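1. Return a 3D structure for these sequence lines:
(chains A, B, C and D)
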Number of protein chains: 2
Amino acid sequence: MYICDLKTIILVTQSEENYLKAIFHLGKQGSIAVSTNAIADKMNTKASSVTDMLKKLAKKDLVDYKKYKGVSLTKTGKVIAANVVRKHRLWEVFLVEKLNFSWDEVHDVAEQLEHIKSQKLINGIDALLNFPTHDPHGDPIPDREGNLQKSQKIFLSQVNQNVNCSCVGVRDSSANFLKYLDKNNIALGTDIQVLTKEPFDESMTIKINDSELTISKEIASNMYVKIN
Amino acid sequence: MYICDLKTIILVTQSEENYLKAIFHLGKQGSIAVSTNAIADKMNTKASSVTDMLKKLAKKDLVDYKKYKGVSLTKTGKVIAANVVRKHRLWEVFLVEKLNFSWDEVHDVAEQLEHIKSQKLINGIDALLNFPTHDPHGDPIPDREGNLQKSQKIFLSQVNQNVNCSCVGVRDSSANFLKYLDKNNIALGTDIQVLTKEPFDESMTIKINDSELTISKEIASNMYVKIN
DNA sequence: ATCAAAATTTAGACTTATCTAAATATTTTT
DNA sequence: AAAAATATTTAGATAAGTCTAAATTTTGAT
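-> This next block holds a predicted model:
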């Protein structure tokens, strides 16, 4: 582990970290092979640039790469990628909890902060936040060893009648949608009970702080929740 | 101001920021010309690299540069440099106050954090820390417009008899010296009263939390204090 | 099983930031 | 004020990361 840690600190550039992270996200934590084009799409870059970088990462033993056959992460690659994801998500929690950022403001800043190299810093942030397990979007935060639990967030539309859950994020973060949520007193962490589900149009009646609300399928399938 | 701000966010690279900062520190906030070699020394780089960068910064109107005659900052250059210094110092306060970093651990991390581009982030940190005016080393933090007060820190050895001051930093941050301070209950913010000053060897008797201590000139001239 | 379409890689070029070595300008010494 | 020492700039090279365009491989349709 210590060696991986050193690599994180000394050897890996910001750009390399971004590629590792993309492979991590696209291929089930990097364990299944992902295509060059998929990476290029995700990173808004060209396939040829991706190929160049994959060769470089392969030479450093951070990925398993076979020409034309896609790429996956090695053990070391996974540890580094998970660490970047860990930092990204911890910083997101920090921004929301300590600096009152809203859900949709955190991403760009966390994208920068995730590359800061200091184990002491990120452990300090972790402790300051009381060791959170999930980020503001409901995604799990990898532990120090890089282990990541499966995400427990689902769409509100998938929740059954009479089940209690709480809001952990949104898929659509347009101003209109956020305003709608605000108007109806739904925020991050708000408890929601599903009272009824209409089979015909999949609309729902839900209970929020003792008040009832009917929402369409569109609304319900743009909200992420966690079952309590 | 808004335009400067945009430049900070969009146009200036990390490396450019570092050069602007070096010129700012070397030449009285960039207002007097500094030499190519001075910059190269400060940044551990070669004079030829500095020349290249100065041309680039001059083209962007961030510095006034005349071949062989040194360089100073333009108005815009000053605002950008001051903003980097502001971020550096605010992050140092954050690391010490919120994450319990020690004096000598903050610099390297702050050196990275100072380049994060987000006005909202740094204003949030500022507020979280309750708008501090000085960093943990006693250096003043520029305001949002880039105005910087003159540093008020002096060496303890410069303080007169019967004056109260408080510790704001050290010049020598060797383990030995820090251990000495620790052993004698001197930390950042500790109040110190100068009781006597011996003309012969410039040793001092000082009072710390009601206990008296005699210190040599060497000790006193390695501690920074602020007059209360 | 062949051929067209799609995906991927290679080749060659560009930018940024750096370096060494050589050339030039400035400053200091005598 | 000329020579010597020092400081600075120029020229040319290198590495990282990206791009476009061309070449190659794989996939999928017939």
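
2. Enumerate every residue touching the residue nearest to A:H137 when sequence neighbours are not counted.
-> Leaving aside its chain neighbours, A:H137 sits nearest to A:G169 (3.8 Å; criterion: CB to CB, 6 or more residues apart in numbering or on different chains). Where you see a C-beta, it was placed from the backbone N, CA and C, and this is true even at glycine. Listed by CB atoms under 8 Å, 6 or more residues apart in numbering or on different chains, the contact set of A:G169 reads A:103, A:136-139, A:153, A:188, A:223-224.

3. 10 Å instead, please
-> A:103, A:134-139, A:153, A:188, A:222-226 (CB atoms under 10 Å, 6 or more residues apart in numbering or on different chains).

4. Please apply the same query to A:P140.
-> A:85-86, A:89, A:132-134, A:147-153.

5. Which residues does it form beta bridges with?
-> A:H134 (DSSP bridges).

6. what about A:A82, neighbour count?
-> 25 (other CB atoms under 10 Å in any protein chain shown).

7. go on, A:L62?
-> Neighbour number of A:L62 under other CB under 10 Å is 29.

8. okay but it is in contact with A:K21, surely?
-> No - between A:L62 and A:K21 there is no contact under CB atoms under 10 Å: 11.6 Å.

9. The lengthiest helix in chain A: which residues count as buried?
-> Using DSSP state H to define each element, chain A has its longest helix at helix A:75-99. For helix A:75-99, a neighbour-count test (16 or more other CB atoms under 10 Å in any protein chain shown) marks A:76-96, A:98-99 as buried.

10. Say whether chain B is contacted by it.
-> Yes - Helix A:75-99 lies within reach of chain B by CB under 10 Å from any CB of the partner chain, at A:91, A:94-95, A:98-99.

11. and which of the residues you listed is nearest to DNA strand D?
-> A:W91 (20.9 Å; CB to the nearest atom of the strand).

12. how far away is the closest residue to A:N164 other than its chain neighbours from DNA strand C?
-> Take A:N164 and drop its neighbours on the chain: the residue closest to it by CB to CB, 6+ apart is A:N228, 4.6 Å away. Distance of A:N228 to DNA strand C, given as CB to the nearest atom of the strand, to the nearest Å: 41 Å.

13. try A:K207
-> Applying CB to the nearest atom of the strand to A:K207 and DNA strand C gives a distance of 46 Å.

14. Can you point out the helix or strand that includes the residue nearest to A:H137?
-> Using DSSP states H and E, A:G169 maps to strand A:164-170.

15. Parallel or antiparallel, list what pairs with that strand.
-> Short version: by DSSP bridges, strand A:164-170 pairs with strand A:191-197 (antiparallel), strand A:223-227 (antiparallel).

16. Now mean pLDDT and distance to A:L121 too, for these, in TSV please.
-> Putting the strands paired with strand A:164-170 into TSV (pLDDT from 0 to 100; distance: least, CB to CB, whole Å) gives the following:
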stretch	mean pLDDT	distance to A:L121
strand A:191-197	93	34
strand A:223-227	89	28
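
17. Now do the strands in chain A.
-> Applying DSSP state E to chain A gives strands spanning A:63-65, A:71-73, A:154-155, A:164-170, A:191-197, A:204-208, A:211-215, A:223-227.

18. tell me the most buried of these?
-> strand A:71-73 (a mean of 25; mean count of other CB atoms under 10 Å in any protein chain shown).

19. thinking again about what came up before, any idea which of the contacts of A:G169 is least confident?
-> Lowest pLDDT among the contacts of A:G169: A:W103, with 75.

20. contacting residues for it?
-> Contacts of A:W103 (CB under 10 Å, 6+ apart): A:92, A:95-96, A:136-137, A:168-170, A:173, A:178, A:181, A:187-188.

21. How about A:S15?
-> By CB under 10 Å, 6+ apart, the neighbours of A:S15 are A:43, A:45, A:49, A:53, A:56, A:115.

22. got it, and A:F177?
-> A:170-171, A:218-219, A:222-223.

23. now A:E111
-> A:18, A:21, A:88, A:91-92.

24. Between these, which sits nearest B:K207?
-> Taking CB to CB as the measure, B:K207 lies nearest A:W91 of these, at 43.6 Å.

25. quick revisit: in the contacts of A:P140, which has the lowest confidence score?
-> A:S151 (72).

26. I'd say it and A:V225 touch.
-> No - contact criterion CB under 10 Å: A:S151 and A:V225 do not qualify, at 12.0 Å.

27. Identify the contacts common to those two.
-> Contacts common to A:S151 and A:V225, judged by CB under 10 Å, 6+ apart, are A:138, A:168.

28. quick one, phi psi at the residue located most distally from the centre of chain A?
-> When distances to the mean C-alpha position of chain A are computed (CA atoms, centre = their mean), the maximum falls on A:F200, with 32.9 Å. Torsion angles at A:F200 (phi, psi; degrees, to the nearest 10) stand at phi -60, psi -60.
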